[in-house]
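*Asks:* only geometry, no sequence info:
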């Protein structure tokens, strides 16, 4: 048996208002005046001077606004890299992602593709990256998916939704400032937070579980319950705790794996472009059979926050559509093995998956 | 307000038997055939072929056995560094510590002093280290103190017990193989584990507490209770969970601070050479006034495991002795501020400390 040698984020700042320290953190990392910092910023902040005025721009540093309305694509990474290389005099000093999981994953992928030849789709998979990425920093403005600690940059490519999983993927620096999450709309807050909750349920109920993942998973699960179920926290406490839940949930799956909800949600994302957080919720809502206690609590959380989970998203799909989703989902073998054990193929068949998708 | 930019261990392997992966982890880090790996190994393993046969020695690699009977000293670091520099053809490829907190702290300090001029005592304090350390790896064989994740290497010098706290101190790689802790004698197991428990109590009850430290502290505290209080785990589960408790406990104090027990225990260590784990227990046993619930549970744990905490260690001390301990303890201002707030000097006086020490 061989264990993973997991690369952790080597630097982290935590604290309300710590975003103000970006300048002192980045300054020593500037390679020269022609090597700018490139900020990839969620375009919801486009006119937000509260945030933008604190980005420490100097020399040729540049902000590129990115819509996170759709799941990030490999082609989008290639376009960004081309734009950056064409317009900067020297290789950038760093790529800084400011946003939710989509923006953070784009920042990770762009930092890798600046120093690696070919197209982003060539690197979807495990350990295909050859050269070290440029310095990259993650500053989450949403909490739940754990992109800030993960070893992957999840992208939708021409023929699959799959992450660039590599030792060069994790951020060199993360800044955890919960104040940046204060204006997230409630639905998005809930869906993203549930991504963390679902990570915990999938990790803690998986066959790959071990004491490392279990300790992180229980921590994140406890925090999710405080935030979404007990509902007794102040706004600030809730934002801080959800940020830590995201962090610990990400660490939990780093050393185990996700499960049924993630596998099926990837199918929805590939075919329908369903965003990851809400996609997980749509799927998880119908997984009582696999995660009975987890789904029961999930439904209570929906009630507490009066959130709507989309229904009937598969109502008008053709057989061919179902087959596309089923193939994407079944391809994620480690997720199924974690969820259901080595003989998962006896339990999950294309027919079974179709029945499940038809409920959604 | 400025927040710490905390350096985390950038690589971690977790798993029973993962020590077998040392070779594949270290091989790529060998700089050349004249640049050996130096293993600092607790001398309790001197005739232990089960462990020693798995140390992947090659070329000029060397094992140096070290007694952990006494607290590590700055002079010991200087002697080790001199020996290593004199006997190796080239600067070592890496320093690997295999042992408890004392050995791990020595390994961290030696790796720093190989690339920094002067004596170890010159670097006791915060951020005094100028040059990056040589590659260093921590392989704990005891669990509790959290030396594997900390940013310090605690040493007793000619005039103080104080850590080398720096961004270059943390290990580059940690291997968490709980099997290495299987033969720890029960007293040592308990004292070291209680170091973790006391970290949690001091962190969670401190004024420096924040959501980051709280999440790690609660995790470690929960694991300590499972291991030491509920006492329902298998041996293997207990070893794995205590290893994770140590890890999370270390992370918790990384972003907050320890408190009364650690401050006073440093006094005992400096004057009497009391080892850190047992020293913390001796002190904590008399701190009901500051940590009422924590001390109550601690006494229950002592009962469950039928462990003896040394009594009357201060029985024959002179006034001068007490003053030495009191000065060492009072000097650790951040610990007192964390424990008792900004006006701690109104609460803790030399007289009060003497009364407490006299009970121990």
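*Replies:* Yes, it's here. This one's a predicted model, so the numbers in the text were calculated from it and none came from an experiment.
*Asks:* The nearest residue to residue A:114 once chain neighbours are set aside in helix, strand or coil?
*Replies:* Excluding its sequence neighbours, the residue lying closest to residue A:114 (CB to CB, 6 or more residues apart in numbering or on different chains) is residue A:134, at 5.2 Å. Glycine gets a C-beta too; all of them are placed from N, C-alpha and C. Three-state call for residue A:134 (DSSP: H, G, I helix; E, B strand; the rest coil): coil.
*Asks:* Same question for the one 4 residues further on.
*Replies:* Here residue A:138 takes the strand state, with states given by three-state DSSP.
*Asks:* Quick check, pLDDT for it.
*Replies:* The per-residue pLDDT reported for residue A:138 equals 98.
*Asks:* wait, doesn't residue A:100 sit right on residue A:192?
*Replies:* Yes - the pair residue A:100 / residue A:192 is scored as a contact, 6.5 Å apart, by CB atoms under 8 Å.
*Asks:* what do the two both touch?
*Replies:* Residues touching both residue A:100 and residue A:192 (CB atoms under 8 Å, 6 or more residues apart in numbering or on different chains): A:142, A:145.
*Asks:* residues of stretch A:144-160 that come out buried?
*Replies:* A:144-157, A:160 (16 or more other CB atoms under 10 Å in any protein chain shown).
*Asks:* Out of these, the closest to chain B would be?
*Replies:* Comparing the buried residues of stretch A:144-160 against chain B with CB to the nearest CB places residue A:149 closest, at 9.9 Å.
*Asks:* State the helix or strand in which the nearest residue to that closest one once chain neighbours are set aside lies.
*Replies:* Once flanking residues are discounted, residue A:149 sits nearest to residue A:250: 3.9 Å by CB to CB, 6+ apart. Using DSSP states H and E, residue A:250 sits within helix A:235-254.
*Asks:* Need the mean per-residue confidence for that helix.
*Replies:* 97.
*Asks:* what's the offset of that helix from the middle of its chain?
*Replies:* Computed by CA atoms, centre = their mean, to the nearest Å, the chain-centroid distance of helix A:235-254 equals 13 Å.
*Asks:* Tell me the helices and strands packed up against that helix.
*Replies:* On a contact count with 3 or more CB pairs under 8 Å, 6 or more residues apart in numbering or on different chains; DSSP states H and E, helix A:235-254 meets strand A:173-176, helix A:186-204, helix A:211-224, helix B:211-224.
*Asks:* Relative to residue B:230, how far out is residue A:12?
*Replies:* 32 Å (CB to CB, to the nearest Å).
*Asks:* Look at these two and report which has more neighbours.
*Replies:* The residue with more neighbours, out of residue A:12 and residue B:230, is residue A:12; 25 against 9, by other CB atoms under 10 Å in any protein chain shown.
*Asks:* now that one, which residues is it bridged with?
*Replies:* Per DSSP bridges, the residues bridged to residue A:12 are residue A:174, residue B:6.
*Asks:* pretty sure it contacts residue B:9?
*Replies:* No - if you go by CB under 8 Å, residue A:12 and residue B:9 don't touch, sitting 11.6 Å apart.
*Asks:* Tell me the residues of chain A that contact chain B?
*Replies:* Listed as neighbours of chain B in chain A under the rule CB under 8 Å from any CB of the partner chain: A:1-15, A:17-18, A:21, A:25, A:173, A:176, A:178, A:210-212, A:215-216, A:218-219, A:222-223, A:237, A:240-241, A:243-245, A:247-248, A:255.
*Asks:* what's near enough to touch residue A:17?
*Replies:* Per CB under 8 Å, 6+ apart, neighbours of residue A:17: A:177, A:179, B:1.
*Asks:* and it, backbone torsions?
*Replies:* Main-chain torsions, residue A:17, degrees, to the nearest 10: phi 90, psi 0.
*Asks:* per-residue confidence for it?
*Replies:* 97.
*Asks:* ranges for the helices of the stretch 201-350 of chain A?
*Replies:* A:211-224, A:235-254, A:260-272, A:276-284, A:292-305, A:319-330, A:333-340, A:350-359 (DSSP state H, counting those that start in this stretch).
*Asks:* Give me the average confidence score over the last one.
*Replies:* So the one you mean is helix A:350-359. pLDDT averaged over helix A:350-359 gives 97.
*Asks:* Pull the number of nearby residues for the closest residue to residue A:211 other than its chain neighbours.
*Replies:* For residue A:211, ignoring the flanking residues on the chain, the nearest one in space by CB to CB, 6+ apart is residue B:240 at 3.7 Å. By other CB under 10 Å, 28 other residues sit near residue B:240.
*Asks:* Which residues are in contact with residue B:240?
*Replies:* A:210-211, B:16, B:178.
*Asks:* one more time with 10 Å
*Replies:* Taking CB atoms under 10 Å, 6 or more residues apart in numbering or on different chains, we find residue B:240 in contact with A:210-212, A:214-215, B:14-16, B:143, B:176-179, B:181, B:223, B:227, B:233-234.
*Asks:* and what of residue A:21?
*Replies:* A:13, A:15, A:54, A:56, A:175, A:177, B:1-5.
*Asks:* most neighbours, which of these?
*Replies:* Counting neighbours by other CB under 10 Å, residue A:175 leads the contacts of residue A:21 with 26 neighbours.
*Asks:* ok, then the element right after the helix or strand where residue A:78 lies?
*Replies:* Counting by DSSP H and E, the element that carries residue A:78 is helix A:74-87. Proceeding N to C from helix A:74-87, the next assigned helix or strand is strand A:94-99, under DSSP H and E.
*Asks:* any idea of the angle the helix or strand following that following strand forms with helix A:235-254?
*Replies:* The helix or strand immediately downstream of strand A:94-99 is helix A:101-113, counting by DSSP H and E. Counting by axes from the mean of the first three to the mean of the last three CA atoms, to 10 degrees, helix A:101-113 lies at 50 degrees to helix A:235-254.
*Asks:* Residue A:350 is in contact with residue A:326, isn't it?
*Replies:* Yes - if you go by CB atoms under 10 Å, residue A:350 and residue A:326 touch, sitting 5.0 Å apart.
*Asks:* higher neighbour count, the two?
*Replies:* Using other CB under 10 Å, the more surrounded residue of residue A:350 and residue A:326 is residue A:326, with 21 against 13.
*Asks:* Over to whichever residue of the stretch 251-360 of chain A sits closest to chain B: give its phi and psi.
*Replies:* Nearest residue of the stretch 251-360 of chain A to chain B: residue A:255, at 6.4 Å (CB to the nearest CB). Main-chain torsions, residue A:255, degrees, to the nearest 10: phi -110, psi 10.
*Asks:* Same question for residue A:332.
*Replies:* The phi/psi pair for residue A:332 (degrees, to the nearest 10) is phi -90, psi 60.
*Asks:* ok, it - contacts?
*Replies:* A:160-162, A:257-260, A:262-264, A:266-267, A:338.
*Asks:* how far does stretch A:56-73 sit from the chain's center?
*Replies:* 17 Å.
*Asks:* mind listing what's buried in it?
*Replies:* Buried residues in stretch A:56-73 (16+ other CB under 10 Å): A:56, A:60-64, A:66, A:68, A:71-73.
*Asks:* Lowest-confidence member of these, which is it?
*Replies:* residue A:71 (90).
*Asks:* coming back round to it: give me the pLDDT value at the residue nearest to residue A:114.
*Replies:* 98.
*Asks:* how close does it get to residue A:88?
*Replies:* Residue A:134 is 11 Å from residue A:88, by CB to CB.
*Asks:* Perfect, I'm done here.
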